[in-house]
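Participant: curious how this folds, go ahead:
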Amino acid sequence: MPLSSSRIVPELHPDGNGRRVPTPKEAQARTWRRLYPQFRTPNQSLGQRKAIGCVALEITQRCNLDCTLCYLSEMSESTLDVPMEELKRRADEILYHYGPSSPVQITGGDPTLRKEDELLEIVRYCSSLTLQPALLTNGIKATRAILQKLADAGLRDVAFHVDMTQKLRDKNKRLYASEEELNAIREEYIERVRGLGIAVIFNTTLCETNFHELPMLVKFFIKHADVVGMCSFQLQADTGRGVLHGRPDGIEPRNVIRIINETIGRKINFDVVDIGHPSCNRIGYSFVCNNNAYDLWWDPEIINKLYDKFAGIALDRGNPKKAVQAVAFHVFKHPSILLVGVPFLAKHLWRMKWDLLRSRFRVHKLSFMIHNFMHADCLDPERLDNCSFMVMTPDGPMSMCLHNAYRDHYITKEFRVNVKGQEQVFNPLRPHKRDYWERRKAELRQIGRLEPPASKKTHTV
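Facilitator: Okay, here's the model as predicted:
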């Protein structure tokens, strides 16, 4: 099967712009048609409960770190920031492709390297489109002051990436020696965002240098579940620049799940929901009470029933009180939910009874996410075509793994941009790097590493 770019052709409509924003159901139906038949299962969330997992909106290729594992590429630092007009157009495209409430990752590089007013403007614009903007950052420049401004602009989530691949140093310029030492940074970031009404995620790359510390990390995130709503473990992938290559055999999803469950002392079910291709993502949900985690999905049949009954309800993950109020109001309007929900909740409360008493009935939700990204030289067309993690490019959305594998090809391409009513051609390359890139392209083309192999698309709708 040939490689596919996983691009989706938007459905056209006879209005002033040639198309209209799809309803959530229309966007989900479009995604459902994109999926291969074998992945259209009752457990599949794409196409049934959401149109997409998330879409990356890269607002800069610049970064202030030099990680041993990196998704950027040779030419990333040699490119100019995408103009604001183009970023807004790409945000519009996300809305047209995936509909309202689609999750948008404001990312890069590190997006905090854009001017503050520009970062605020793009978050505000995405929010105005009813998209759900999240900030992905290493946290170095994400002060509480800017996080407060971003929250006021409509930011829904912040995902801090902290791990040993970043070669971080303490105040005395000493390299941190372990993930456990890095908890000092994680705790600082937790306090920066506490009380701002933003959902908090921590991204951690699991690699050969830190995999043995996974149990410690699980315990840390459980301890801080009052603020941290998700811990995302991203498995070592050789996608861009960096010095770590390949991946040890033990760093694979099922082994990560085993270690998480052994650390918790209970089974967290990671097989209730598929998000696109089942080899790409696994997720488990837990209730955390008195520093103990309990599986939220202990009965998959009930969970799927509740999912259907709460279809279309948007919950503010950064504001638990509002989320509970939204659930309560929905149950009041649909009392039949109680027939399923009350036994489900009663069993949870009974399982946690002693921890509930000890914690004075304080309960938090913590999600465990496992991202199994592909190596640049081992792309699976089936996984690309059924991708849930897209990046918006000048030519439309494509699989993030494909984009990472050929990043230089995509980020250096010229594109047209409309500035104050005038169409202009934008060359992303910094002028002093353009001659070098022409020579480098010829070298990469000779070894087949410049652009993906020519292929037809296997799934467009």
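
Participant: give me the buried positions along the strand or helix carrying L338.
Facilitator: In the assignment (DSSP states H and E), L338 maps to helix 337-351. Residues of helix 337-351 classed as buried by neighbour count (16 or more other CB atoms under 10 Å): 337, 340-341, 344, 348, 351. For glycine as for every other residue, the C-beta is placed from the backbone atoms N, C-alpha and C.

Participant: I'd like the residues you listed written out as TSV, with distance to P100 and pLDDT added.
Facilitator: Listed next are those as TSV, based on distance: CB to CB, whole Å; pLDDT from 0 to 100:
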residue	distance to P100	pLDDT
I337	23	73
V340	27	73
G341	26	74
F344	29	79
H348	31	83
R351	36	90
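
Participant: in the sheet, who's paired with the spatially most central residue of the chain?
Facilitator: The structure's the chain has its C-alpha centroid closest to C54; by CA atoms, centre = their mean the separation is 5.6 Å. Counting by DSSP bridges, C54 is bridged to F389.

Participant: do you know the pLDDT at it?
Facilitator: Reported pLDDT at C54 in the predicted model: 97.

Participant: wait, it sits on P103?
Facilitator: Yes: under the criterion of CB atoms under 8 Å, C54 makes contact with P103 at 4.2 Å.

Participant: list residues touching both of these two?
Facilitator: Shared contacts of C54 and P103, defined by CB atoms under 8 Å, 6 or more residues apart in numbering, comprise A134.

Participant: can you give me the neighbour number for Q38?
Facilitator: Burial of Q38 is recorded as 9 neighbouring residues (other CB atoms under 10 Å).

Participant: same thing with the one 10 residues further on?
Facilitator: Residue crowding around Q48 was assessed by other CB under 10 Å; the count is 22.

Participant: then the one 10 residues further on?
Facilitator: The number of residues packed around E58, counting by other CB under 10 Å, is 26.

Participant: how about the helices of the stretch 251-400 of the chain, start to end?
Facilitator: 253-264, 300-309, 320-333, 337-351, 353-358, 381-385, 400-405 (DSSP state H, counting those that start in this stretch).

Participant: contacting residues for the closest residue in space to H403 that isn't next to it in sequence?
Facilitator: Nearest non-adjacent residue to H403, counting by CB to CB, 6 or more residues apart in numbering: V391, 4.7 Å away. The contact partners of V391, by CB under 8 Å, 6+ apart, come to 55-58, 397-400, 403.

Participant: and what of V193?
Facilitator: With CB under 8 Å, 6+ apart, V193 has these contacts: 144, 147, 158, 200, 227.

Participant: swap in 10 Å and give it another go.
Facilitator: Residues in contact with V193 (CB atoms under 10 Å, 6 or more residues apart in numbering) are 139, 142, 144, 147-148, 150-151, 158, 160, 199-200, 227-228, 318.

Participant: returning to what we had before: right, and the residue nearest to the centre of the chain touches M390 too?
Facilitator: Yes: contact criterion CB atoms under 10 Å: C54 and M390 qualify, at 7.6 Å.

Participant: any common contacting residues for the two?
Facilitator: Jointly contacting C54 and M390 under the rule CB under 10 Å, 6+ apart are 94, 98, 102, 105, 400.

Participant: doesn't R30 belong to a helix?
Facilitator: Yes: assessed by DSSP: H, G, I helix; E, B strand; the rest coil, R30 belongs to a helix.

Participant: you'd agree it is up against K50?
Facilitator: No: counting by CB under 10 Å, R30 does not reach K50; the two are 11.9 Å apart.

Participant: mind listing the strands for this protein?
Facilitator: 54-58, 103-107, 132-137, 157-161, 199-206, 228-235, 281-289, 292-295, 364-371, 389-393, 396-399, 415-419, 422-426 (DSSP state E).

Participant: format those as a markdown table; extra columns: distance to S76.
Facilitator: Formatted as a markdown table, the strands of the chain follow (distance: least, CB to CB, whole Å):
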| stretch | distance to S76 |
| --- | --- |
| strand 54-58 | 10 |
| strand 103-107 | 12 |
| strand 132-137 | 15 |
| strand 157-161 | 16 |
| strand 199-206 | 17 |
| strand 228-235 | 18 |
| strand 281-289 | 25 |
| strand 292-295 | 38 |
| strand 364-371 | 20 |
| strand 389-393 | 14 |
| strand 396-399 | 17 |
| strand 415-419 | 17 |
| strand 422-426 | 17 |
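
Participant: for T41, which of these is the nearest?
Facilitator: Between T41 and these, the shortest separation by CB to CB is 14.5 Å, and it involves strand 281-289.

Participant: and that closest one, average pLDDT?
Facilitator: Mean predicted confidence for strand 281-289 is 96.

Participant: what's the angle from it to helix 337-351?
Facilitator: Angle, strand 281-289 to helix 337-351, by axes from the mean of the first three to the mean of the last three CA atoms, to 10 degrees: 70 degrees.

Participant: okay, now S178: neighbour count?
Facilitator: The local packing of S178 (other CB under 10 Å) involves 13 other residues.

Participant: once you drop chain neighbours, what's closest to it?
Facilitator: Distances taken as CB to CB, 6+ apart put E213 closest to S178, at 6.5 Å, once the chain neighbours are dropped.

Participant: the one you found: what's it in contact with?
Facilitator: 163-164, 178-180, 182, 204, 206, 220.

Participant: drop anything exposed from the residues you listed.
Facilitator: Buried members of the contacts of E213, counted by 16+ other CB under 10 Å: 163-164, 179, 182, 204, 206, 220.
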